[in-house]
Every structure is written in structure tokens, then in C-alpha cells.
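Chemist: no sequence for this one, just the structure:
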């Protein structure tokens, strides 16, 4: 059994923030990153939790991310916000631009936020949850590094290219999903490789384009999208709308920029928000009750709504705190002294 | 071999329009429907081609659609257009609202069009292609009838719920996909049933929720989404944003409204348009060339871009005209005299 430490949520946040500050991140960036990884840890998403602090510090030491860039927020059109992260992590730009997006969207009914020139590792559900808290419907998209082959192809073109969607619910946690358009997350294949176990058929192909269950061969070859040509089409869409449309890199550009340093993907993120009040006016409650009826129809047959496991983990963490791997704790703590 | 007739595209259009007019559709509605089914036939999409004329006339005779409703176009917010089809087919409302959406989106950068209170059968690629011709990026979503079970469930909740996306390309046909979030189209299962052939595993479940290859059992039970829980999440999104968000029916509401008449689904459609010029200004060409680089990377490895087969069929039809089933031709012709 791996040794664990029990921490409160505040202690997790402090652990992350201290390590980031010690390595030169500005207070604003350290705060935004620490909040993000703490939310991941709190919700039981280890892949977007504390270990990201190690990646952030590595990216900084590789010279791939700015420690203190101040984002520039502009509004080039009545329903568009641009947040130029200027080479920093996306999170501070996101935090500064979100109130502007919300204010605009209340006026126009629908609005878009492009976060540009950032390094990106945030789970997209974290980026849209605040919009659902403001009563809005929200979408988010971001490319990553080119690791995934198109359907019918044999070489990487796409990133893992997640799509997230959020729907606000009265007095309940929002309906939110955040799905990679790749069959699985890259980290999952990494775990199989480390464990020396074969991966399931269909996750990827080797460098010759042949289907394989060898995790290392897929990491050297190409991952596949979920859902065959349909998932592949959606992945292409994410490249286009969160890359060229907003004036930023594709996953192919990003991995070229990375030059093998293993840093977070560099590029952009597109967030779209819709204010239901501008569609529905006084009839919002009546129509939103149709959505609740659908959720009931899903759950009453034993099917699950997305994010429910995450919300349960959150509730537990808020009440009882969290168990953190001692090894990870020690690694992050050590960063605070080697910064 | 089935007997065929060779028609020009204009003759296909005239055949459709005459049958629709003879059965009482107003000139505007007949024109919009005839153009739509002619485009389907032209692009080799028989499922959205001439045979839809039979369905339209059947829906009219069942009292499920208005023959002459005049759509009401409003703009409740600077970036939102609503087109109330008032119980008619979606196509006339779409045609009248699209110029308003384009004009608004050029101002605001992003815009949304809700088509409400319509019967809907149009392929979504037809609804967004005019936006790509205007240089815009576009999305479309619509629910249908509740035929599809959520992942982990066993009873229909969702429609076949298509998602379409379009990206404009200079001097080329646009990048467009239009995918059902169900594993296959319902019509495909119908074809297996008529042929008495078993369907592939994974397309659907019987009324007890058990996996089956019996086409009739799936038509009586539930279809499944593509891509497991990810496709199911996307299908739920389509219900929410093209149903309650725009103040219209879900697929469950629609099938209840239908009362077994086999009419086209009733409800709404959501179209989102983005003007890349408002994101990119003078840098549009530079960034759009990144998209072309991605398309080249896909095609150079032998993978296909979506819609290519459709564009080839279109080219052939424009040059050579079309072969139409004589049986279908006679059935539609007969409608012109029985209206």
C-alpha cells in the first residue's frame, strides 16, 4: 500500500501555491494554478490534481512558460472577448476574462472567449463550471499535442482535444461533461506502460499504423479517437475552432513548439457562453423543467449523469479532507526548497 | 434491377414542387422544401432526397404540419435570432432567418439562431452550408423523436440528435460534417428489417434492454448512441441546447406529440455562427492556412475529409443529371393528382 497523508483542502492549496511561488511564479499565477489543481484533487481527478505542480515547475524550468506574464483582455466585437495570456498558463487569463465574458453575454445572448498564447493543462470542466454558476450554458474546447491519428489514417494529427459542456441546474450541481475525443487520456496509456500491461485493442496503432496492444508502441505511434470517424470529425472541429479560428496553434504546431521538453501543450482555448434568459425570458423555469424531466428519465433507468462521481468526491473532500500520496507530497515540498 | 428514370436537377425540383403544391403547401413552403430535397438527391443522399416529399404530404394529411404558416422572425438580443415556424416545416423559417443571423453575426462576432415550433427533416449540412458560403464557421443541432437509450440505460430518451459543423475554405467546398449521435440512422435499421437481415451487434437493444441483432426488436426497443457514454453525453447536450434552451420540445416531447402518425419530428433547431473576421481581422488568411495544413496532413495519409463523397456526387449530378427510381417517381407524380 502506498503511504498517504491526510490534508485539508486548504493545506493542499497551500502546498501547491508555496511550491509555485518558490519556483518563481508570480502571486497571481501561483494562486490561479493552485486553485485549479486543488479543485482537481478535491474532485478526485488525480490526473488534474497536485501532480500538475511538478509539470508546471518543469515547464517553467524548460523555459516554455512565463512565470509572471500579465494577460491582456480585449473585446474586438460586442460578443467576443480575447484574453492574450502572453505565454503564461491559461488560468490567470481565464480568471480575468470570465467576468467580461459573462457581462457581454448577458447583453448579447451568446458570447465567445478566446484564450490565446497560453500553456494549457486545466480540465475544461473547471473552466466552465463558473459559467453554469452564473446561470449560463457553456462549451469549451482546446487542442493539445498531436498524438492522435484521424480515422482511416496512421499518423498523429490531432490532440486529445476535449469538449466540455455545462448546463445550469437550480439548487443542484450542474450537468457537466468533459470528454477527450481520443479513445482514452494519454495518461491512461502511460499507466499501462508503467505497469507493463497490454492496453485494450482499439486505443491506438504503432508507428507502422497497425493496431497494437503494446502501450509503448502506441505512445511512439498514434492514439485513436473514440467513436471512429465521428469522433475523428469532432476532434478535427476542436482543432479548427480552438486553433486557427481564434488565431492560435493546432496540436501539430504545439508539439513542434514543445521540442520534446514534455511541457503542457501550448495554444488556445475557446469558450462559448449562452444566456438562457435571452432566449426564454420569463419562460425559463417552464422550459428548464423539461431538462429536469430528461435527467429524471435518464437516472430512473439506472443510467448515470456525467460528473456525479466527481460531485460525490467533492462532498467527501469538503467534509473530511483528502488523502494525498506521501511520495507526491514530498516531491512537491522538495520543490519549495529547490526553486 | 430497379427501373430508373434520368432527370435533370431542375426536373427533380419541379417534380417535388408540383406534388407539394398540389397537396396544399403554399408556394413559399413548396419552394423551400423542393430545394431541400433536390439538394439531397443531387448530393447522393437518398435518405434526404425526393422520398421526403411522400413524408411531407403524409405529415400534412395527418394534420401534423401547417401548409402555409408564415414564420415570425424576431431578434430578442443583439446576437440572437428567433424564427417561429408556427407549425410549418423548418425550411422556410430557416431561409427567412438566415440573412438576419448573418447580418447580426458580422456585427457581434458570434450569433445564434433558434428555429422554433417546426417540423424538421432537413439534413443539417444543408442548413449550415450557406453560412460557410458567407465565410462563417457554423454549428447546428436538432433533437428528433425519442428512439435512443442513454449509455447504461435501456429505454429511449434521446433522438438520433445530429451535430453538424462547417468550416469555410477558400476556392473549395467547405469542410462539413453532419453526424447522428445515434450509432446509425434509424432508416438504416429499417432497411435491415425490410431485407430480413440481422443488424450488427451494438446498434440497439430490445424492449427488455438486452443487446440484439434483430432489427424489429431494436425498432420496438431502443437504438444506442455511437461512442458509448461519450456519444450519450453529446446526445444529451443536443436535447438540452436545441430543446429547453430555445424553448422547444425534447425528443420525448416530440414523439408524444406525434401520437404514432409517423410524421417528421416536431421541435426546434439551434444554429450557431461565428465570423472569423471578428477574431482574426487582417490575419485571417495566415491562420486559415493552418487549417489547410491540417487538412493536407489528414488527406496525405489516405484518410478522408467528411462530405467528399457528397461533393463528388454533386459534381456528377450538376454535369450529368440524376437517375431516380421509377417507382418513387410514379408515387410522387401520383401525389400531384391526388392532392
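Modeler: Now that the structure is in, tell me what you want to look at. Quantities reported herein were computed from a predicted structural model and do not represent experimental measurements. Numbering: from 1, shown residues only, chains lettered A, B, ... in the order given.

Chemist: now do the contacts for residue A:251.
Modeler: A:143-148, A:156-159, A:161, A:239, A:243, A:265, A:267 (C-beta atoms under 8 Å, 6 or more residues apart in numbering or on different chains). From N, CA and C alone the C-beta is placed, and that goes for glycine too.

Chemist: how about the nearest residue to it, chain neighbours excluded?
Modeler: residue A:159 (3.4 Å; C-beta to C-beta, 6 or more residues apart in numbering or on different chains).

Chemist: ok so, going back, narrow the contacts of residue A:251 to those that are buried.
Modeler: A:143-148, A:156-159, A:161, A:239, A:243, A:265, A:267 (16 or more other C-beta atoms under 10 Å in any protein chain shown).

Chemist: of those residues, the lowest pLDDT goes to which?
Modeler: Ranked by pLDDT, the buried ones among the contacts of residue A:251 bottom out at residue A:265 (85).

Chemist: that one against residue A:158, yeah?
Modeler: No. Residue A:265 is beyond contact range of residue A:158, at 11.8 Å (criterion: C-beta atoms under 8 Å).

Chemist: how about the residues of the stretch 51-200 of chain A near chain B?
Modeler: On the criterion C-beta under 8 Å from any C-beta of the partner chain, chain B has as its neighbours in the stretch 51-200 of chain A the residues A:76-80, A:82, A:107-112, A:114, A:137, A:149-155, A:157, A:163, A:165, A:167, A:175, A:177, A:179.

Chemist: please pick the buried ones from those residues.
Modeler: The neighbour count (16+ other C-beta under 10 Å) marks A:77-80, A:82, A:108-112, A:114, A:137, A:149-151, A:153-155, A:157, A:163, A:165, A:167, A:175, A:177, A:179 as buried among those.

Chemist: may I see the buried residues of the helix ranked longest in chain A?
Modeler: Counting by DSSP state H, the longest helix found in chain A is helix A:90-108. For helix A:90-108, a neighbour-count test (16+ other C-beta under 10 Å) marks A:90-98, A:100-102, A:104-106, A:108 as buried.

Chemist: now the angle between helix B:90-108 and it, please.
Modeler: Counting by axes from the mean of the first three to the mean of the last three C-alpha atoms, to 10 degrees, helix A:90-108 lies at 120 degrees to helix B:90-108.

Chemist: elements contacting helix A:90-108?
Modeler: Under the contact criterion of 3 or more C-beta pairs under 8 Å, 6 or more residues apart in numbering or on different chains; DSSP states H and E, helix A:90-108 touches helix A:27-42, strand A:72-77, strand A:80-84, strand A:110-119, helix A:124-133, strand A:266-274, helix A:276-280.

Chemist: and the fourth one with strand A:80-84, angle?
Modeler: Computed by the same axes, to 10 degrees, the angle separating strand A:110-119 from strand A:80-84 equals 10 degrees.

Chemist: same check on the first one?
Modeler: With the same axes, to 10 degrees applied, the angle from helix A:27-42 to strand A:80-84 works out at 110 degrees.

Chemist: how about residue A:179, secondary structure?
Modeler: Going by DSSP: H, G, I helix; E, B strand; the rest coil, the secondary structure assigned to residue A:179 is strand.

Chemist: okay then, goodbye and thanks.
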